[in-house]
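Enquirer: Here's a sequence, model it:
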Amino acid sequence: MAVISCSLLRGQTTTTGAINGIISDPSGAVVPGAIVTLTSTTTGVARAVKSNNGGSYRFDLVDLVLTP
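Expert: Numbers count the residues shown, from 1 in each chain. Have a look, this model is predicted:
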């Protein structure tokens, strides 16, 4: 299970944001060292990070696709 939040950086030309969360197993215990992959559905480019000792992970400077 993953708890995910997304923060959008607001500005006139900003098109990036951040995604972070905490990885936990079915019992609710955090999972340190988990590999989390973020894949763009637009470009197919994938990025990976490893969760820290508290199960937290963060992707910075995520390109956003804003639709009207």
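Enquirer: so after the helix or strand of the chain with the lowest mean pLDDT, what's the next helix or strand?
Expert: Least confident element among the helices and strands of the chain, by mean pLDDT, DSSP states H and E: strand 2-8 (a mean of 50). Heading C-terminal from strand 2-8, the first helix or strand you meet, by DSSP states H and E, is strand 16-23.
Enquirer: quick one: strands adjacent to that following strand?
Expert: Sheet pairing of strand 16-23 (DSSP bridges) gives strand 2-8 (antiparallel), strand 56-63 (antiparallel).
Enquirer: what's across from the residue nearest the centre of the chain in the sheet?
Expert: Closest to where the C-alpha atoms of the chain average out (C-alpha atoms, centre = their mean) is residue 19, at 3.4 Å. Beta bridges link residue 19 to residue 6, residue 59, judged by DSSP bridges.
Enquirer: Start the count at 793 instead of 1 going forward.
Expert: Will do, 793 is the new start, and the previous item becomes residue 811.
Enquirer: From residue 818, how far out is it?
Expert: Distance of residue 811 to residue 818, computed by C-beta to C-beta, to the nearest Å: 22 Å. Yep, even glycine has a C-beta here, placed from its N, CA and C like the rest.
Enquirer: okay, now residue 810: neighbour count?
Expert: Other residues near residue 810 number 14, with proximity taken as other C-beta atoms under 10 Å.
Enquirer: so what pLDDT did it get?
Expert: The model reports residue 810 with a pLDDT of 91.
Enquirer: Tell me if I'm right that it and residue 855 touch.
Expert: No: at 11.4 Å, residue 810 does not count as touching residue 855 under the criterion of C-beta atoms under 8 Å.
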